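Asker: The sequence and its predicted three-dimensional model are supplied below.
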Amino acid sequence: MKHVYKQSEQELPSVNTPKTLRTGRILVEAGLVTSKDIKHALAIQEKRKKSFFTGSESKGSGRLLGSILCDLNLITPVDLYYVLHEHNKIYTMDKLLADNEKITCGEADLLMEEQKRGVYSFFDLIVKYNILNVNNLQQKIFELYRIPYRHVNRFTYDKNDKEKLVLLLNKDVVCNKRAIPMIRKKNSFIMGITDPETLIFIYHLNFKLPNYRIIPVFIPMQHFKSLYWKLYDISFPDFYSPLNVQKDVKAGKSIILPVSHSVKNGPVLFFKYKIVISNPERERHLIHDLYLKYELLRQLTGKDERLNQFSSFMVFIGENFKLLTSRRGCSKLEITLTNDIDGVNLFAKPVSRKLNP
């Protein structure tokens, strides 16, 4: 399976409402979904034009397009948040509450100010001041971000995991970004976070750890501090100043990575990453993750950065999927991405054969 491909143009969505057009176009131009995906999501959205709170149509109902795409496994919640944040299209919890008359805009500003003290997260304050109960808060958070909100006060670290998790992030980064490793399972990490903007940090962290999948979960601030003590064996600082999420991650500060060394190119991160696909169009999010890791590994092995190549990569994967499944009589392909001191490699092999009728 060769890994050389040519760039092709991406079809832009054609939808009805201006707000949805902008959101759909943003996601298509980012290479995360297709025009067909947007139309399918809009058809589902038409059936769900009801308020989160009252059961009638509301101001926020048209903003669920991204959540629907997440439900269809066409985009990850982290990628969705990052792309919409870059274009100022995020529908925040304070905006949702104000739109549905749970709080005023002035009250929302006061909550945001109190959050900056570092004692409570914005979500904690919603419960503290009886704006929503915990069950309703969990529901609204998931509806907005497609990420769960959990109480983890009884969580304990596995001894073997703890030794590895303390090496994943420097404790100062954990404080400042409000992101703490919780569980490691094979190539996945569950990361506890307290604030939606931490998803920007996780988005960039994915590039620093291309062989791992980071799964975020929202947790209360007090539980976050308890986990910090359990993981690092020291108390959480009484006060800290959050750092610039994007700036520090792009600079690569305080992130510890396992590296090997080659004589030719200096440090090289060696790893193996696999995906299994049975329908490239439906599993576009898996191929997008593969593409990001592929391009990052090319740069780590000394190749020039290339932009906006995902459309061509999709064509390349789709053509090879059709060719190999037809030739080998199988319904699924396992695609493996590896690297060595000489470059980046993609391999494909059949997973299961089609049953004869």
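Answerer: Okay, I see it.

Asker: where in the stretch 151-300 of the chain is pLDDT low?
Answerer: Where the stretch 151-300 of the chain drops to pLDDT under 70, the residues are 238-271, 300.

Asker: Can you show me the strands along it?
Answerer: In the stretch 151-300 of the chain, strands defined by DSSP state E, counting those that start in this stretch lie at 179-185, 188-193, 213-218, 260-262, 266-268, 272-277, listed in chain order.

Asker: Please identify which of those strands is closest to residue 346.
Answerer: strand 272-277 (10.2 Å; Cβ to Cβ). For the C-beta atoms, the positions are set from N, CA and C on the backbone; glycine is no exception.

Asker: Now do that closest one: everything it contacts.
Answerer: 187, 210-211, 283, 286-287, 289-290, 293, 317, 321, 332-338, 351 (Cβ atoms under 8 Å, 6 or more residues apart in numbering).

Asker: rerun that using 10 Å as the cut-off
Answerer: Contact with strand 272-277 is made by 187, 210-213, 283-287, 289-290, 293-294, 297, 317-318, 321, 325, 332-339, 345, 347-349, 351-352, as judged by Cβ atoms under 10 Å, 6 or more residues apart in numbering.

Asker: in it, what counts as buried?
Answerer: In terms of neighbour count (16 or more other Cβ atoms under 10 Å), strand 272-277 has its buried residues at 273, 275, 277.

Asker: Next, the angle strand 213-218 makes with that strand.
Answerer: 80 degrees (axes from the mean of the first three to the mean of the last three Cα atoms, to 10 degrees).

Asker: Please parse this protein into its domains.
Answerer: Split into domains by automatic domain parsing, the chain comes to 1-75, 89-257, 260-353.

Asker: can I get these in JSON lines with distance to residue 81?
Answerer: Listed next are those as JSON lines, based on distance: least, Cβ to Cβ, whole Å:
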{"stretch": "domain 1-75", "distance to residue 81": "8"}
{"stretch": "domain 89-257", "distance to residue 81": "4"}
{"stretch": "domain 260-353", "distance to residue 81": "14"}
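
Asker: If we ignore the residues flanking it in sequence, what's nearest residue 161?
Answerer: residue 184 (5.0 Å; Cβ to Cβ, 6 or more residues apart in numbering).

Asker: Which per-residue confidence value corresponds to the residue positioned nearest the centre of the chain?
Answerer: For the chain, the residue nearest the mean C-alpha position is residue 78 (2.2 Å; Cα atoms, centre = their mean). With respect to pLDDT, residue 78 has a value of 95.

Asker: list the buried ones in the helix or strand where it lies?
Answerer: Assigned by DSSP states H and E, residue 78 belongs to helix 77-86. By neighbour count on 16+ other Cβ under 10 Å, the buried set for helix 77-86 is 77-85.

Asker: circling back: of all the buried residues of strand 272-277, which comes closest to residue 117?
Answerer: residue 273 (40.8 Å).

Asker: got the phi/psi numbers for the nearest residue to the closest one once chain neighbours are set aside?
Answerer: For residue 273, ignoring the flanking residues on the chain, the nearest one in space by Cβ to Cβ, 6+ apart is residue 337 at 4.6 Å. Dihedral pair for residue 337: phi -110, psi 120, per degrees, to the nearest 10.

Asker: correct me, but residue 337 touches residue 343?
Answerer: No. Using Cβ atoms under 10 Å, residue 337 is not in contact with residue 343, being 11.7 Å away.

Asker: If you count surrounding residues, which of those two has more?
Answerer: Neighbour tally, residue 337 and residue 343, criterion other Cβ atoms under 10 Å: the higher count belongs to residue 337, 22 against 14.

Asker: re the thing from before, quick one: contacts for the residue nearest to the centre of the chain?
Answerer: 70, 145-147, 199-203, 205-206, 213-216.

Asker: now with 6 Å?
Answerer: 199, 202-203 (Cβ atoms under 6 Å, 6 or more residues apart in numbering).

Asker: Which one of these sits in the busiest neighbourhood?
Answerer: residue 199 leads these on contacts (other Cβ under 10 Å) with 24 neighbours.

Asker: Quick check: the gap between that residue and residue 218.
Answerer: Distance, residue 199 to residue 218, by Cβ to Cβ, to the nearest Å: 10 Å.

Asker: and what of residue 183?
Answerer: 15 Å.

Asker: what does residue 187 give?
Answerer: Separation of residue 187 from residue 218 (Cβ to Cβ): 22 Å.

Asker: Mind checking which of those two has more residues around it?
Answerer: A count of neighbours by other Cβ under 10 Å puts residue 218 above the other of residue 187 and residue 218, at 23 against 13.

Asker: That one is in contact with residue 149, isn't it?
Answerer: Yes. Between residue 218 and residue 149 there is a contact under Cβ atoms under 6 Å: 4.2 Å.
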